[in-house]
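Colleague: Show me the folded form of this:
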Amino acid sequence: AAVNGYLDVVKWLHENRDEGCTTDALDGAARNGHLEVVKWLHENRSEGCSVHAMNGAARGGHLRVVKFLHEHRSEGCTYNAMDWAAFENHLDIVQFLHENRTEGCSRHAINEAAKHGHLNMVQWLHSNRSEGCNRMAMDGAATLSHLDVVSFLHSHRLEGCTVAAMDGAAEHNRLDIVQWLHENRDEGCSMRAMDRAARNGHLRMVQWLNEHRAEGCTTDAMDGAAEGGHLEIIKFLHENRGEGCTTYAMNAAARNGHLATVKWLHENRTE
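Modeller: A predicted model of the protein is given here:
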């Protein structure tokens, strides 16, 4: 009842039953932003809460609950509070925790904020916190199509990225990000870039990678394209690459009902 905000039920149970509750009551009420329930439990029950209360309230964006817990409870929070608030782009809560608490955050704060495209959060954490990030930040931002975040990290941070950045951007058909990474970074990509682009039906991406990158692909490229019925990609790989495919290509195309692909493989491939 407390977790779901039913204060009238909580009061009735308190007055008419003897079972009481656990810290889960206040923790859950805080997590879901039920401030009146939090206040009532604080004033009328003795079970209290745990660090999960403020952590959960921070993640949910419930600033008033975070403030109340900070002012009236002693359990505090952990670095997960600021981390999770950053993930969810609750800058007001991150700032409150920064100014009033000492738990801080971890590198996951910037990493996840970057991954989810929260540029303002990334900028604030960069300017006001010392935990920094790692290469997962740019990798995640590139994979999930946040070029503005990628550019900021490139200009203001030293961690860089890995081949996962271009691989992920290629998989999600973000040619602008792939081209930017190609022109501004030197990590490159792996064969997974073309493999995954082919599997997902991104013909222009496959063509661009073939023309501008040297990593190439594996048989997974044609196999994956066949599985998805992407015949134009199969033809392009057949004409421009030497990796070929495996028996998986026709098997998967048949299983998924891609008759035109099955016919083409039968007529043009020997696998």
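
Colleague: pLDDT score for the closest residue to residue 76 other than its chain neighbours?
Modeller: Nearest residue to residue 76 in three dimensions, chain neighbours excluded: residue 51, at 6.0 Å (CB to CB, 6 or more residues apart in numbering). No exception for glycine: its C-beta is placed from N, CA and C like everyone else's. Looking at residue 51, its pLDDT is 98.

Colleague: my guess is residue 51 meets residue 74, correct?
Modeller: No: between residue 51 and residue 74 there is no contact under CB atoms under 8 Å: 10.6 Å.

Colleague: Give me the more crowded residue out of those two.
Modeller: More crowded of residue 51 and residue 74, by other CB atoms under 10 Å: residue 51, with 17 against 8.

Colleague: can you list the domain ranges for this protein.
Modeller: Domains of the chain are assigned by automatic domain parsing as 1-105, 107-189, 190-271.

Colleague: and residue 247, how many residues sit next to it?
Modeller: By other CB under 10 Å, 11 other residues sit near residue 247.

Colleague: residues in contact with it?
Modeller: residue 271 (CB atoms under 8 Å, 6 or more residues apart in numbering).

Colleague: how much space between it and residue 74?
Modeller: Going from residue 247 to residue 74 by CB to CB, to the nearest Å gives 65 Å.

Colleague: Same question for residue 162.
Modeller: Applying CB to CB to residue 162 and residue 74 gives a distance of 42 Å.

Colleague: now the stretch 1-150 of the chain, which segments are flagged as low pLDDT?
Modeller: The stretch 1-150 of the chain contains no residues with pLDDT under 70.

Colleague: got the residue ranges for the helices in it?
Modeller: Using DSSP state H, counting those that start in this stretch, the helices assigned to the stretch 1-150 of the chain run over residues 7-16, 23-31, 35-44, 51-60, 63-72, 80-87, 91-100, 108-115, 119-128, 136-143, 147-156.

Colleague: tell me the angle of the second one relative to helix 35-44?
Modeller: What that stands for is helix 23-31. 140 degrees (axes from the mean of the first three to the mean of the last three CA atoms, to 10 degrees).

Colleague: What is helix 23-31 packed up against?
Modeller: helix 35-44, helix 51-60 (3 or more CB pairs under 8 Å, 6 or more residues apart in numbering; DSSP states H and E).

Colleague: Please identify the most buried of those.
Modeller: Most buried of the helices and strands packed on helix 23-31, by mean neighbour count (mean count of other CB atoms under 10 Å): helix 51-60, with a mean of 25.

Colleague: what does that one contact?
Modeller: Applying CB under 8 Å, 6+ apart, the external contacts of helix 51-60 come out as 23, 26-28, 30-33, 38, 65-66, 69-70, 73, 75-78, 80-82, 84-85, 87-88, 90, 93, 97.

Colleague: Just want the angle from that helix to helix 63-72.
Modeller: Using the same axes, to 10 degrees, helix 51-60 lies at 150 degrees relative to helix 63-72.

Colleague: Please compute how far helix 51-60 lies from its chain's middle.
Modeller: When distances are taken as CA atoms, centre = their mean, to the nearest Å, helix 51-60 is centred 20 Å away from the chain's centroid.

Colleague: before we move on, the earlier item: distance of the residue nearest to residue 76 relative to residue 158?
Modeller: Separation of residue 51 from residue 158 (CB to CB): 33 Å.

Colleague: And for residue 219?
Modeller: For residue 219 relative to residue 158 (CB to CB), the value is 38 Å.

Colleague: Those two: who's more crowded?
Modeller: Set residue 219 next to residue 158 and count neighbours by other CB under 10 Å: residue 219 wins out with 17 against 7.

Colleague: Please give me every residue in contact with the more buried one.
Modeller: Each residue near residue 219 by CB under 8 Å, 6+ apart is listed here: 243, 244, 245, 246.

Colleague: Looking at it now. What's its pLDDT?
Modeller: Value listed for residue 219 in the pLDDT field: 98.

Colleague: going forward can the numbers begin at 40, since that is how I track them
Modeller: In the new numbering, first residue 40, that becomes residue 258.
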